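# My questions concern the predicted model and sequence given below.
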Amino acid sequence: MKKAKFYFKPEISCSRFELVLPSRFLQHYEILSPFDFHKLARILPRHISFQTLNEKKLVRRLDRMGIRGNRKREILRSVAGMDGQLWAILRYLRHEVELSNTRRLLDEHPMNREAVKALKLWAAQWPTRPTRLT
């Protein structure tokens, strides 16, 4: 229902986060005009979460499954080779390693708190009704 892109933008030397929210999503949350956009600050934290793989949790999980030696090193090397691409890592662990509940291997990234603060600041500045030009 929603899509997100996160990438480095060299022109501004910063990372950029873009959200694509289809009209069905917006209508569901009664965001019917640009003057309703301030509602997104309350809604989006339930839909967006930045996560990182906790390698210690992964190692413990592999140990509990009885995966040791060369196979364990191969799995950890494959995960490291995916260069932090979280969905690819989780897909690999689910399908190739046959781990279930792979989200338990994730930790919340501190960026979540920063994103919520930024959303609240943005929402406070967003107009909630038309204003007259002077």
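Okay, I see it.

# pretty sure Arg16 is in a strand, no?
Yes - counting by DSSP: H, G, I helix; E, B strand; the rest coil, Arg16 is located in a strand.

# which residues does the residue positioned nearest the centre of the chain contact?
Nearest to the mean C-alpha position of the chain, counting by CA atoms, centre = their mean, stands Phe50 at 3.6 Å. Taking CB atoms under 8 Å, 6 or more residues apart in numbering, we find Phe50 in contact with Glu108, His109, Met111, Asn112, Ala115. For every residue, glycine as well, the C-beta is placed using N, CA and C.

# what's the neighbour count on the residue nearest to it when sequence neighbours are not counted?
Excluding its sequence neighbours, the residue lying closest to Phe50 (CB to CB, 6 or more residues apart in numbering) is His109, at 3.9 Å. By other CB atoms under 10 Å, 13 other residues sit near His109.

# separation between His109 and Arg60?
Separation of His109 from Arg60 (CB to CB, to the nearest Å) stands at 20 Å.

# cool, Ala115 as well?
Between Ala115 and Arg60 the distance is 29 Å, computed by CB to CB.

# More neighbours: those two, which one.
Legend: neighbour count by other CB under 10 Å for Ala115 and Arg60, higher for Ala115 (17 against 12).

# nearest residue to Ile75 other than its sequence neighbours?
Closest to Ile75 by CB to CB, 6+ apart is Val97, at 5.7 Å.

# The one you found: what secondary structure?
coil.

# List the contacts of it.
Per CB under 8 Å, 6+ apart, neighbours of Val97: Leu62, Ile67, Ile75.

# List just the nearest of those to Arg103.
The nearest member of these to Arg103, counting by CB to CB, is Leu62 at 16.3 Å.

# May I have the predicted confidence score for the closest one?
In the prediction, the pLDDT value recorded for Leu62 is 96.
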